[in-house]
Each structure stands twice: as C-alpha cells, then as structure tokens.
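>>> Would you be able to build a 3D model of this:
(one chain, ligands or ions: 1)
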Amino acid sequence: MLSYRHAFHAGNFADVLKHSVLTLVLEYMTRKDKGFTYIDSHSGAGMYSLHDEYAQKTGEYKEGIAKIIAVKDDTDFPEALRPYLELLAQLNPESDELTLYPGSPGIAKQFLRRQDSAHLFELHPTDIQHLTEYCQRWRKSHVKQSDGYKGVLGLVPPPSRRGVVLIDPPYELKEDYTKAVRTIVKAYDKFATGTYILWYPVVTRERIDSMEKEFTRSAVKNLLQVEFCQQADSDEYGMTGTGLFIVNPHWQLNSQLEEILPYLQGKLGQESSHFTLKQLIAE
Ligand SMILES: C[S@@+](CC[C@H](N)C(=O)[O-])C[C@H]1O[C@@H](n2cnc3c(N)ncnc32)[C@H](O)[C@@H]1O
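Numbers count the residues shown, from 1 in each chain. Take a look at the predicted model:
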C-alpha cells in the first residue's frame with residue numbers, strides 16, 4: 001500500500017518543526033570541513049510547489065509555513081528559526097510569497113558540500129521519478145527506489161564516521177512505529193556517534209508511549225524528544241501533534257528548541273495546544 005503523497009502535506013505544521021530541526025542539524029554539521037553522509041530513508045519527492053493541486057486541495061501549508069512567513073519580520077521572531085526561513089528565501093528569490101517548498105532532500109541539497117554525500121530512498125513510483133529528476137545534477141546524491149529501513153542499515157557506519165540519518169515514514173502501516181525505532185536501535189549498534197532524527201505523528205498516545213519504552217530499553221544514549229501538539233490528545237481526530245526523537249543532537253539544539261517551541265505554539269497552536277521537550281535518555 002503506497003497511497004501517501006507528501007505533496008498534500010508539504011509545509012504543514014509538522015513540516016515546520018521537522019524541517020527547522022533538520023536545518024539546524026545540517027547547519028551544525030557543515031561547521032566542520034570534514035565531509036559527512038546524509039541518509040534519508042523516506043525521502044518523498046524532494047521539492048514541492050505550493051501552487052499545485054495537491055497543496056491547494058488540503059491547504060495545510062496555510063496553517064503551517066505560511067503563518068510563520070507572515071511574521072518573519074516581527075521583532076520577537078526566534079533566531080533559531082532564521083536558518084530555515086533563509087533557506088526558504090533562497091529557494092523563492094522572486095517574492096515573499098512561497099511558491100516552492102523543500103522536502104527533506106531539498107533542504108539537504110542546500111547544505112551539502114562537495115565533500116558530503118546523500119543517500120535518498122523512496123518507494124512511491126511517482127515520487128521516485130520526481131526525486132530522481134530533482135537530484136539529476138546533484139553529483140554526490142544517490143537515489144534508490146528501495147526500502148529505506150534496509151537502506152539505512154546497509155550504509156552505517158559511513159566511511160567518514162560523520163552522518164545524519166532522517167527516518168520519516170508515512171505511518172500508513174502500524175508496523176512503521178516499531179520498525180522505525182528498531183531501525184535506529186540497530187543502526188546505533190553499528191554507528192553510535194551518528195545523529196538520528198525520527199519523525200512521528202501524534203495520533204494515539206499509546207503508540208508514542210510504546211516507542212519511548214522501546215528506546216529506553218535499548219542501548220541508545222543521548223536522546224532528545226520534542227513534541228508540539230496543536231490540540232489535546234484524542235483518538236478521534238487524526239493527527240493532533242507532531243514529534244521527533246533526536247539521537248546525539250548537537251549541544252545547542254535543546255536551547256534552540258526552547259526558543260522555537262513557545263513561538264510555534266503561539267503562532268500555530270489551537271485551543272489546548274502544548275509542547276514538550278525532554279532528554280528521554282541521558283548521554
Ligand atoms: C512523510 S513522507 C517523506 C517526507 C520527506 N522526508 C520530507 O521531509 O519532505 C514519507 C515517504 O516515504 C515513502 N515510503 C513509504 N514506505 C517507504 C519505505 N519502506 N522505504 C522508502 N520510502 C518509503 C512514501 O512513499 C512517502 O513519500
């Protein structure tokens with residue numbers, strides 16, 4: 001079953017949190033000259049048009065990135081969100097209105113240098129075509145239409161011993177919840193110094209509790225968990241919140257998120273919105 005298309009959701013509130021964190025992590029990685037490997041297990045199409053029929057049909061970006069762009073000149077705009085907005089501005093040089101919105105490969109492409117490489121996995125037959133086209137002139141990118149969980153395990157540790165792994169499944173299948181955590185636990189066993197980012201939707205709280213338990217019982221150390229819920233937990237209304245598990249975050253990420261989260265809550269939250277930021281597993 002492959003019905004999920006990220007084009008319907010590009011730029012929504014979940015993307016704002018996920019992509020601002022990815023931007024901060026990649027920006028940090030490029031502070032050292034030594035090359036690194038970026039692995040994206042579930043890449044999507046790479047780049048999206050917010051004017052296309054998919055984005056227009058749901059209008060999710062209007063409740064996400066469009067609201068953040070609208071306040072970018074406010075004096076209280078958080079510094080930690082600036083790199084993400086600067087990247088969007090580079091992609092949309094003509095106007096303040098966003099036309100293009102980058103997926104995770106699009107963000108990586110802006111940051112990766114000649115000494116870095118990217119491994120991008122995608123299964124959907126249409127999105128793999130878009131992704132392949134998008135990456136055509138990106139020499140250090142390797143695009144594969146194959147299972148991203150297996151792909152991650154086949155690539156760690158990278159030769160440079162510096163790496164960022166993003167695992168961003170669609171969670172169409174319930175098994176994604178356990179598979180995603182287990183992939184990180186196994187990858188960590190082979191490459192304990194890598195940075196791992198795992199995205200999850202808050203649909204039912206029990207599933208997140210199980211993911212947390214599985215991590216805390218594993219050998220994984222130094223795991224930061226961040227969550228932003230637009231609404232109170234509910235089993236009835238689909239995705240009410242968005243979260244990330246980040247293994248081996250750079251040391252400033254916690255304070256960057258302390259700055260970002262209240263701001264997102266103020267601008268994107270609805271009634272009963274809340275956020276959490278916790279060191280789920282110590283260093
Ligand atoms: C949430 S989207 C990815 C969004 C992207 N990471 C971003 O931030 O722009 C999930 C993608 O995973 C793809 N997918 C589903 N199962 C997969 C698997 N086992 N391996 C690789 N890709 C998969 C789907 O086709 C979908 O495009």
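
>>> which parts of the protein sit against the ligand?
For the chain, the contact set with the ligand under Cβ under 6 Å from any ligand atom comprises 2, 4, 6, 41-44, 103-104, 121-124, 127, 147-149, 168-170. Every C-beta, even on glycine, is put in place using the N, C-alpha and C of the backbone.

>>> tell me which helix or strand of this protein sits lowest on mean pLDDT?
Every helix and strand of the chain was ranked by mean pLDDT, DSSP states H and E. The lowest is helix 53-58, at a mean of 94.

>>> What residues sit buried inside that helix?
By neighbour count, with 16 or more other Cβ atoms under 10 Å as the criterion, the buried positions of helix 53-58 are Tyr54, Ala55.

>>> Next SSE downstream of it?
Sequence-wise, the next helix or strand downstream of helix 53-58 (DSSP states H and E) is helix 65-69.

>>> Show me what secondary structure element comes after that next one.
Following helix 65-69 in sequence order, the next helix or strand is helix 82-91 (DSSP H and E).

>>> Just list whatever residues bridge to the spatially closest residue to Lys18 that is not a sequence neighbour.
In space, and not counting its chain neighbours, Lys18 is closest to Trp199: 5.2 Å by Cβ to Cβ, 6 or more residues apart in numbering. Under DSSP bridges, the beta-bridge partners of Trp199 are Leu244.

>>> contacting residues around Trp199?
Ala14, Lys18, Leu166, Ile167, Asp168, Pro169, Thr242, Gly243, Leu244 (Cβ atoms under 8 Å, 6 or more residues apart in numbering).

>>> got those as a markdown table, with distance to Asp96 and secondary structure columns?
As requested, those are exported to a markdown table (distance: Cβ to Cβ, whole Å; DSSP: H, G, I helix; E, B strand; the rest coil):
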| residue | distance to Asp96 | secondary structure |
| --- | --- | --- |
| Ala14 | 23 | helix |
| Lys18 | 23 | helix |
| Leu166 | 28 | strand |
| Ile167 | 33 | strand |
| Asp168 | 28 | coil |
| Pro169 | 33 | coil |
| Thr242 | 25 | strand |
| Gly243 | 30 | strand |
| Leu244 | 28 | strand |
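
>>> Closest one of the residues you listed to the ligand?
The ligand lies nearest to Asp168 out of those, by Cβ to the nearest ligand atom, at 3.7 Å.

>>> Quick one: residues contacting that closest one.
Lys18, Asp40, Ser41, His42, Gly44, Ser104, Ile197, Leu198, Trp199.

>>> if you set the cut-off to 6 Å instead, what comes out?
Asp168 makes contact with His42, Trp199, according to Cβ atoms under 6 Å, 6 or more residues apart in numbering.

>>> Show the pLDDT at it.
In the predicted model, Asp168 carries a pLDDT score of 98.

>>> mind checking the end-to-end distance for stretch 200-207?
Across its full length, stretch 200-207 reaches 10 Å between end residues, using Cα to Cα, to the nearest Å.

>>> Mind listing residues that contact it?
Stretch 200-207 has contacts (Cβ under 6 Å, 6+ apart) with Tyr171, Tyr177, Cys229, Asp233, Asp235, Met239, Thr240, Gly241, Gly243.

>>> Specify which member of the residues you listed is nearest to the ligand.
Set against the ligand, the nearest of those by Cβ to the nearest ligand atom is Tyr171 (8.2 Å).

>>> where does the closest one land in three-state SS?
Recorded secondary structure, Tyr171: coil (DSSP: H, G, I helix; E, B strand; the rest coil).

>>> Name the nearest residue to it, sequence neighbours excluded.
Pro201 (5.9 Å).

>>> ok, now Lys190?
Per Cβ to Cβ, 6+ apart, closest to Lys190 is Val156, 5.0 Å.

>>> Just want to check the distance between the one you found and His119.
Note on Val156: its distance to His119, by Cβ to Cβ, to the nearest Å, is 10 Å.

>>> For burial, what's the neighbour tally of whichever residue of the stretch 51-200 of the chain sits closest to the ligand?
Scanning the stretch 51-200 of the chain for the residue nearest the ligand gives Gly103, at 2.7 Å (criterion: Cβ to the nearest ligand atom). Per other Cβ atoms under 10 Å, the neighbour tally for Gly103 reads 28.

>>> any low-confidence regions in this structure?
1 (pLDDT under 70).
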